[in-house]
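A.B. asks: give me coordinates for this.
(chains A and B)
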Amino acid sequence: MADLRVNIAGISSPNPFWLASAPPTNTGDQIKRAFDAGWGGAVWKTLGEPIVNTWSRYSAMDLNGQKIAGLNNIELITDRPLSVNLREITEVKKQYPHHAVIVSLMVEAKREAWHTIVKQAEDAGADGLELNFGCPHGMSERGMGAAVGQVPDYTCQITTWVKEVARTPVLVKLTPNITDIRYAARAAFQGGADGVSLINTINSITGVDLDTFTPRPAVAGKSSHGGYCGPAVKPIALNMLAAIAADPATAGKPISGIGGISTWRDAAEFLLLGATTVQVCTAVMHYGFRIVEDMIDGLSNYLDEKGMQTIYDLRGKSVERVRDWKELDLNYVVNASIDQDKCIGCGLCYTACNDGAHQAIGAVRADNGRTKVHVIEDACVGCNLCSLVCPVQGCITMKQIPTDAGHCSWEQHTSGTGKLAPRPQDKHFH
Amino acid sequence: MSAPSFDEIKRPLPKDEALTEANRCLFCYDAPCMRACPTHIDVPGFIKKIATGNLRGSARMILESNILGASCARVCPTEELCEGACVLNDLHHKPIDIGRLQRYATDPFVIDAHTPLFAPGAATGRKVALIGGGPASLACAAELGRRGHTAIVFEAAPLAGGLNSYGVADYKMRHETALREIAWVEQCGVEIRCNTAVGRDVSLDSLLTDYDAVFVGVGLGGVPPLGLPGEELSGVRDVLDFIAELKTRPKADVSLAGKRVAVIGGGNTAIDGVTQAVRLGAAKVHLVYRRGRDEMPAYEHEIELARKDGVDLVLQAQPVAIEGSTHVTGLRCVQTRLGEPGADGRRAFETVPGSEFTLAVDVVLRASGQEKRRGFLSGIPGLALDKGGRVIVDDTGRTGNPKVFAGGDCVSGGKEVVNAVADGKKAALGIDALLKGN
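C.D. replies: The predicted model follows:
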């Protein structure tokens, strides 16, 4: 059994699975039930200025019958009295001393206000703090949340104020609603952050009701942009995570990964790209705390299968594999290979390639009435599209074609130090 | 054990189920389901429209190809046609539920409400008479109407629809459903004159003279007597009369409670006979067929239905006499022995001497094949029949008489509703070409 214990920036946790600061961490009762289910940590729903929420506040993007490919919310920070939250934090910590309780904070951009809230959270028993510089809706209109995260100087300044008084580790939660996430991360660490959490939600309007013309979620015939999360945002989160993990200015710094994590597989990907813990919200809002059982079990089995003992054997393993495009080998030749025994004759690869890619799959109507497809090797650029649309597991695979030409990147090609292998288009145009 | 009910075996799909099923469709290129359909409905196309919530577009796409799409959604042997061709049979062992999706798309416009989906074409001033009001004529008339021709259907029975109204097993489609669909087709611009038999109420000559073209869609006749001793006894009847009666009268009036029933035949109509006899409360139901199960013309899924209903398959049994004094009391049969396939591809059989046995029954239903309407058809000048009594047509549906076209069971010898619709449509195109050429 692999050891799933982690320590991120000085916060220890029995496993890397945390609940993100969100509706699932709204109350002490929820967090206790989550810890009982197996979650290693929880980031308490953001404490801060008193707010009032709208009633209607979530909306979703469904995809071809699958519910909640993406979730959008216009809910603000906690609407419970600060004293209640603080009392419950103390209760939870007393009952679960070995679990990680991180308290998310957001107050107006005043040094004293931050000093006060930091002390209150730590006095209540927080193991660490997470500064919410990411919320893109509502609070940002009042100069908080993403309004801070979008300006590196503000991020650095407030982090500095917090670190003046903080006795526990400080994570800064970053907004993805920014041009280059690396600047925000650098600013957080410059201000003294012990780690960063990302991504917060992405500005979004999930859709418009075609009968009422009101975007969702509808609030008395109006709507407002919200924050988007859930499975749909995972690729965006992974890219931003990798950017920070690979940035020489922040490489190796503690990162808590967030964004569409629903399974142990997702979690493993975040760990591979440099995260030490992962935070989950949408999947819990969809299926409940119980999903952590398979996350722990699946990750543990995966580590065992890979011969790895701890999370740290996995962490960051993929970071060095993310490179600038100019470094990629232009002579890595692959072609689609179709397993005719597995093919069911749907012709989707043919249509996709013919209309949407490179006209490298031929189709004929077979005697049995099905479509029989074949790869036109001279035309195949190895783009992968056919393998992506194929509904049959393992039917279309991308096979490497040996070439005499050695490694040749764009840099080598343009500097005259590399030789390109023949391309399919050469055969077509000449 | 109580008898199975007449409730529809294929229940309608609720919205959520329909959307899930529609999203399961792969949207194949050159989809085999589309080619397996005699009317070539764009199956992936209409299913995609269900998935996007474009139900009206979905219904229109179906009905443009098959004006009787609502009834075909219920009565088509989809296992043998579109669903049988679905590539997902190979992947998940469960094809897309195409029939029920088609019903989901068409019912709101055709059955539940009568929504006009097609405007009649600009009037050409040409008139076409259609003899017989079954699926072939209805499909032909609807297509002619869309092309601006006046189409008038002459139906001898009180109601149009042919077997759709009178002959489809009630658990597949109710009588009322068929009538709702016909009313919708009428709304599309088709005029139907019921209780109007050609040759009795209107002369064939007048149709050939007064109309620019004539379509013959008279279907088949009844199931003729088998020539058995005792066939005149009460309780012996044509299975089609039995089915028509149970579809048009309250079930309580035609109850078979406690009765023992034998149905003679091995085709799909024989299956309809036994399964409905079971539903009418019969105490014992036999299906008597002279060859073996493998030779039964009925579809496998139909035979399976009969088996599930507890029907006694009496195979390799040739009826030789019906016993009784005034009312039938038994069906005497002799066992048969199967030989090699003959010229028609079907296995020959011979009776086994001394193997006679009698089934004690109160009702005997003949389901041994409908007869051809040779008498009526031979009265149409120029129209020729093949050896089997089927109307000979060219690939446009045209008979030996240049202004007479034909389709449906009188041409095919007896196929599915969807084949009749395909025939009717094809003939409509042929007639349209003829009328435009004139």
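
A.B. asks: please count neighbours and contacts with C-alpha atoms only from this point.
C.D. replies: OK.

A.B. asks: for the stretch 301-430 of chain A, which residues are neighbours of chain B?
C.D. replies: Counting by CA under 8 Å from any CA of the partner chain, the stretch 301-430 of chain A comes close to chain B at A:344-348, A:350-351, A:369-371, A:391-392.

A.B. asks: and the least confident of these?
C.D. replies: Within the set of those, pLDDT is lowest for A:G369 (87).

A.B. asks: neighbours of the closest residue to that residue other than its chain neighbours, just the number please.
C.D. replies: For A:G369, ignoring the flanking residues on the chain, the nearest one in space by CA to CA, 6 or more residues apart in numbering or on different chains is B:P32 at 6.0 Å. With neighbours defined by other CA atoms under 10 Å in any protein chain shown, the count for B:P32 comes to 26.

A.B. asks: and B:P32, how far from A:C353?
C.D. replies: Separation of B:P32 from A:C353 (CA to CA, to the nearest Å) stands at 20 Å.

A.B. asks: do B:F405 as well
C.D. replies: In terms of CA to CA, B:F405 sits 45 Å off from A:C353.

A.B. asks: next, count neighbours for the closest residue to chain A within the stretch 51-200 of chain B.
C.D. replies: In the stretch 51-200 of chain B, no residue comes nearer to chain A than B:V87, which is 5.8 Å away by CA to the nearest CA. Using other CA under 10 Å, B:V87 is surrounded by 25 other residues.

A.B. asks: which element is the spatially closest residue to it that is not a sequence neighbour on?
C.D. replies: Excluding the flanking residues, the one nearest B:V87 by CA to CA, 6+ apart is A:I344, at 5.8 Å. Following DSSP states H and E, there is no helix or strand that holds A:I344.

A.B. asks: now the lowest-mean-pLDDT helix or strand in chain B, how far from the centre of its chain.
C.D. replies: Least confident helix or strand, chain B: strand B:347-351 with a mean of 91, by mean pLDDT, DSSP states H and E. On the basis of CA atoms, centre = their mean, to the nearest Å, strand B:347-351 sits 29 Å off its chain's mean C-alpha point.

A.B. asks: what about B:F405 and A:C353, which has more around it?
C.D. replies: Set B:F405 next to A:C353 and count neighbours by other CA under 10 Å: B:F405 wins out with 29 against 21.

A.B. asks: which residues does the more buried one bridge with?
C.D. replies: When bridges are called by DSSP bridges, B:F405 pairs up with B:F215, B:R398.

A.B. asks: OK, contacts around it?
C.D. replies: B:213-216, B:393, B:397-399, B:427, B:431 (CA atoms under 8 Å, 6 or more residues apart in numbering or on different chains).

A.B. asks: OK, contacts around B:G189?
C.D. replies: B:G189 touches B:120, B:142, B:145, counting by CA under 8 Å, 6+ apart.

A.B. asks: among those residues, which are located in helices?
C.D. replies: The helices, defined by DSSP state H, take in B:142, B:145 from those.

A.B. asks: neighbour-wise, which of the contacts of B:G189 leads?
C.D. replies: B:A142 (30 neighbours).

A.B. asks: tell me which stretches of the stretch 201-350 of chain A form helices.
C.D. replies: For the stretch 201-350 of chain A, the helices defined by DSSP state H, counting those that start in this stretch cover A:234-246, A:264-272, A:282-287, A:292-305, A:311-314, A:348-356.

A.B. asks: remind me which residues of the chain are low pLDDT?
C.D. replies: Since no chain was named, I'll use chain A. Applying pLDDT under 70 to chain A picks out residues A:427-430.

A.B. asks: not quite, go with chain B.
C.D. replies: Looking at chain B by pLDDT under 70, you get B:1, B:438.

A.B. asks: what about the strands in it?
C.D. replies: B:127-131, B:150-154, B:191-193, B:213-216, B:236-238, B:260-264, B:284-288, B:312-314, B:317-324, B:328-341, B:347-351, B:357-360, B:363-366, B:404-406 (DSSP state E).

A.B. asks: and B:R293, what does it touch?
C.D. replies: B:L315.

A.B. asks: one more time with 10 Å, if that's ok
C.D. replies: Contact partners of B:R293, counting by CA atoms under 10 Å, 6 or more residues apart in numbering or on different chains, are B:266, B:300, B:303, B:313-316.

A.B. asks: can you say which of those are buried?
C.D. replies: Buried subset of these (neighbour count, 16 or more other CA atoms under 10 Å in any protein chain shown): B:266, B:303, B:313-316.

A.B. asks: mind picking the two most distant members of those residues?
C.D. replies: B:I303 and B:Q316 (15.5 Å; CA to CA).

A.B. asks: how near is A:T277 to B:T248?
C.D. replies: 71 Å.

A.B. asks: err, B:T329, not the other one
C.D. replies: 27 Å.

A.B. asks: higher neighbour count, those two?
C.D. replies: B:T329 (21 against 14).

A.B. asks: tell me the contacts of that one?
C.D. replies: B:T329 neighbours (CA under 10 Å, 6+ apart): B:233-235, B:260, B:322-323, B:358-364.

A.B. asks: how near is B:V391 to chain A?
C.D. replies: According to CA to the nearest CA, to the nearest Å, B:V391 and chain A sit 30 Å apart.

A.B. asks: next one: that residue from B:L91, what distance?
C.D. replies: Counting by CA to CA, the gap from B:V391 to B:L91 is 42 Å.

A.B. asks: before we move on, what about A:I74?
C.D. replies: Distance from A:I74 to B:L91, by CA to CA: 42 Å.

A.B. asks: and if you look at B:A151?
C.D. replies: 46 Å.

A.B. asks: more neighbours: these two, which one.
C.D. replies: B:A151 (28 against 15).

A.B. asks: domain map for the chain?
C.D. replies: In the absence of a named chain, this looks at chain A. A:6-321, A:326-429 (automatic domain parsing).

A.B. asks: chain B is the one I meant
C.D. replies: B:15-110, B:127-221+B:371-437, B:236-366.

A.B. asks: residues contacting the residue nearest to A:G369?
C.D. replies: B:P32 touches A:345-346, A:365, A:368-371, B:40, B:43-44, B:81-87, counting by CA under 10 Å, 6+ apart.

A.B. asks: select from those residues every entry located in helices.
C.D. replies: Applying DSSP H to the contacts of B:P32, the entries found in helices are B:43-44, B:82-85.

A.B. asks: and the two most separated of these?
C.D. replies: Once CA to CA is applied, the ones in helices among the contacts of B:P32 give B:P44 and B:G84 as the farthest pair, at 14.6 Å.

A.B. asks: the two: which is more packed in?
C.D. replies: B:P44 (21 against 18).

A.B. asks: that one and B:A105, how far apart?
C.D. replies: For B:P44 relative to B:A105 (CA to CA), the value is 13 Å.

A.B. asks: need the overlap of contacts for those two.
C.D. replies: By CA under 10 Å, 6+ apart, the residues touching both B:P44 and B:A105 are B:I50.

A.B. asks: in PDB, list the C-alpha atoms belonging to stretch A:141-157.
C.D. replies: Taking Å, rounded to 0.1, in the frame of the first residue of the first chain, the C-alpha atoms of stretch A:141-157 are listed here in PDB:
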ATOM      1  CA  GLU A 141     -17.200  44.200  -8.300                       C
ATOM      2  CA  ARG A 142     -16.300  45.300  -4.700                       C
ATOM      3  CA  GLY A 143     -12.600  45.200  -5.300                       C
ATOM      4  CA  MET A 144     -12.000  41.700  -3.800                       C
ATOM      5  CA  GLY A 145     -11.400  38.200  -5.200                       C
ATOM      6  CA  ALA A 146     -10.400  38.200  -8.800                       C
ATOM      7  CA  ALA A 147     -10.000  42.000  -8.700                       C
ATOM      8  CA  VAL A 148      -7.000  41.400  -6.600                       C
ATOM      9  CA  GLY A 149      -5.800  38.300  -8.400                       C
ATOM     10  CA  GLN A 150      -5.800  40.000 -11.700                       C
ATOM     11  CA  VAL A 151      -3.300  42.600 -10.600                       C
ATOM     12  CA  PRO A 152       0.000  41.100  -9.600                       C
ATOM     13  CA  ASP A 153       0.900  44.100  -7.500                       C
ATOM     14  CA  TYR A 154      -2.300  43.800  -5.400                       C
ATOM     15  CA  THR A 155      -1.700  40.100  -5.000                       C
ATOM     16  CA  CYS A 156       1.800  40.700  -3.700                       C
ATOM     17  CA  GLN A 157       0.700  43.500  -1.400                       C
END
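
A.B. asks: perfect, that will be all.
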